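K.L.:
quick one, structure for this:
(one chain, ligands or ions: 1)
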Amino acid sequence: MTAHKIKALIADWDDTITNKDTIELVAEAAYLTKPDFPTKWDHFCELYYSNYKEYTSYFGERNTIEQETEFQKGLKQIELSSVNEYVGLQLFKDVNHKAFQNQSSKVQIKSEFFETFKKLYDQNIPVIILSCNWTSVIMTKIFNDHGFVQSDNFKIVTNEFEHINGKLTGEVNDDNCIRTGVDKVFHVKKIRSELKERSINDGVYYIGDSSTDILPMLEVDYGIVIGDGSAIKTLERLNINYDIGMKGESKIKHITKWDELIPLII
Ligand SMILES: [Mg+2]
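P.N.:
Residues are numbered from 1 along each chain as shown. Here you go, the predicted model:
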């Protein structure tokens, strides 16, 4: 299967477009706003990792797509227990959108990303960022600063905090609840049906870096793994073939840099 031109791209955010996970920067906005907040960030991290470790060892082997799907379904409770912890302790209450926007300068974007994205954007090729991050505010600021605005052809789909006029209430908005690979599959199916209404039936790509991205990748025409995150280990564990670089017969490709996609943009 020689890769087809890109007609639409669904992209993960953390570690796919960025060099590093940005949840810590999201959390830091709360601590910069409220330096005396009594519960330190370490508490939330430790709680998450201990729940995650317990769940993975309890779950056992994940060698098939069915097992991986079941694993991702169960992971939702672990992700939500973190959310419930910061909502319960009101970590984000009274934080302003401005505090998140100020964090945007600390986000490192992969060096060839904007060069590649600009080609898609300028040609009105739909790009949808689909992320398990907690807010779109930082992402939106980064794109706006580069001269890119959201439209029918460029959307950011992620979790959001509830806010009143840009000031957070401490609760999460439950319009989107994107916490696991299974949640991403739900959104990819929705995005695909919206693309079909616009007669985009093929050439739909998904790019991501982690195990959360494998199931959504299987729902599109081509899955792209970027970098050496947990996605590659997951593909190997599930015995799913992939090509190194964009050439070859597999539906899944492993690339190291965003500009490897440029030849697929008309
Ligand atoms: Mg990621």
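
K.L.:
what does the chain put close to the ion?
P.N.:
12, 14-16, 209-210 (CB under 5 Å from the ion). (Each C-beta comes from the backbone N, C-alpha and C, glycine too.)

K.L.:
of those, closest to residue 34?
P.N.:
Distances from residue 34 to the residues of the chain next to the ion, taken as CB to CB, are shortest for residue 14 (23.9 Å).

K.L.:
picking that back up, just among the residues of the chain next to the ion, which is most surrounded?
P.N.:
When neighbours are counted by other CB atoms under 10 Å, residue 12 leads the residues of the chain next to the ion with 26 neighbours.

K.L.:
pull the contacting residues for that one.
P.N.:
Contacts here follow CB atoms under 8 Å, 6 or more residues apart in numbering; on that basis residue 12 touches 129-131, 207-210, 212-213.

K.L.:
narrow the residues you listed to those in strands?
P.N.:
129-130, 207-208 (DSSP state E).

K.L.:
doesn't residue 175 belong to a helix?
P.N.:
No - checked against DSSP: H, G, I helix; E, B strand; the rest coil, residue 175 lies outside a helix; its state is coil.

K.L.:
from residue 217, how far off is it?
P.N.:
Residue 175 sits at a distance of 24 Å from residue 217 (criterion: CB to CB, to the nearest Å).

K.L.:
who has more neighbours out of the two?
P.N.:
Taking other CB under 10 Å, residue 175 and residue 217 do not tie; residue 217 has more neighbours (28 against 8).

K.L.:
what's the span of stretch 122-134, first residue to last?
P.N.:
28 Å (CA to CA, to the nearest Å).

K.L.:
tell me the buried residues in it?
P.N.:
For stretch 122-134, a neighbour-count test (16 or more other CB atoms under 10 Å) marks 125-134 as buried.

K.L.:
local confidence estimate at the residue nearest to residue 93 when sequence neighbours are not counted?
P.N.:
Distances taken as CB to CB, 6 or more residues apart in numbering put residue 170 closest to residue 93, at 3.2 Å, once the chain neighbours are dropped. Note on residue 170: pLDDT of 97.

K.L.:
cool, the one 4 residues further on as well?
P.N.:
According to the prediction, residue 174 has pLDDT 87.
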